[in-house]
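# Give me a 3D structure for the following:
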Amino acid sequence: MKVSEQQRPESASVVRIMAEVLGTDELKSSDSFYDFGGTSLQAVRICTRVKRELGIRVSPDTVFDSETVGDFQAAVMARGEAV
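Numbering: from 1, shown residues only. Okay, here's the model as predicted:
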């Protein structure tokens, strides 16, 4: 998995989790969940793992509403800072 920009470890973990759930080795911030055939079950799995591994609760709607992986990362990090 390649993460082009320097990020907080938690942010990089979001990309890693998404890549693992979507079954890809490479996921960029500009990629879309839908580019990889993302399903509602995968969105639930991503959010469950984010909660378990990072302690940040996000809704699958956050995945669906995010146009890119970077948008989802930003939403997760914003939720984490609010906790």
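
# Tell me, what's the model's pLDDT at the residue nearest the centre of the chain?
In the chain, the centroid-proximal residue (C-alpha atoms, centre = their mean) is residue 14; its distance is 4.2 Å. With respect to pLDDT, residue 14 scores 94.

# didn't it look like it was pressed against residue 54?
Yes - Residue 14 is in contact with residue 54 according to C-beta atoms under 8 Å; the separation is 7.5 Å. (Each C-beta comes from the backbone N, C-alpha and C, glycine too.)

# got any residues that touch both of the two?
Residues touching both residue 14 and residue 54 (C-beta atoms under 8 Å, 6 or more residues apart in numbering) are residue 76.

# And the helices in this protein?
Using DSSP state H, the helices assigned to the chain run over residues 9-22, 40-54, 60-65, 69-82.

# Residue 31 is nearest to which of those?
helix 69-82 (5.1 Å; C-beta to C-beta).

# neighbours around residue 66, how many?
Residue 66 has 18 neighbouring residues, counting by other C-beta atoms under 10 Å.

# Nearest residue to it in space, please, no chain neighbours.
Once flanking residues are discounted, residue 66 sits nearest to residue 72: 3.9 Å by C-beta to C-beta, 6 or more residues apart in numbering.

# Send over stretch 53-71 as PDB, restricted to the C-alpha atoms.
Taking Å, rounded to 0.1, in the frame of the first residue of the first chain, the C-alpha atoms of stretch 53-71 are listed here in PDB:
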ATOM      1  CA  GLU A  53      -8.200  -0.400  16.000                       C
ATOM      2  CA  LEU A  54      -8.400   3.400  16.500                       C
ATOM      3  CA  GLY A  55     -11.200   3.800  19.000                       C
ATOM      4  CA  ILE A  56     -13.000   6.200  16.600                       C
ATOM      5  CA  ARG A  57     -16.600   5.600  15.900                       C
ATOM      6  CA  VAL A  58     -17.800   6.400  12.400                       C
ATOM      7  CA  SER A  59     -20.900   5.500  10.500                       C
ATOM      8  CA  PRO A  60     -20.900   3.600   7.200                       C
ATOM      9  CA  ASP A  61     -22.700   6.700   5.900                       C
ATOM     10  CA  THR A  62     -19.400   8.500   6.300                       C
ATOM     11  CA  VAL A  63     -17.800   6.000   3.800                       C
ATOM     12  CA  PHE A  64     -20.700   6.500   1.400                       C
ATOM     13  CA  ASP A  65     -20.700  10.300   1.700                       C
ATOM     14  CA  SER A  66     -16.900  10.600   1.200                       C
ATOM     15  CA  GLU A  67     -16.000  11.200  -2.500                       C
ATOM     16  CA  THR A  68     -12.400  10.000  -1.900                       C
ATOM     17  CA  VAL A  69     -10.300   8.000   0.500                       C
ATOM     18  CA  GLY A  70      -8.800  11.300   1.600                       C
ATOM     19  CA  ASP A  71     -12.200  12.700   2.400                       C
END
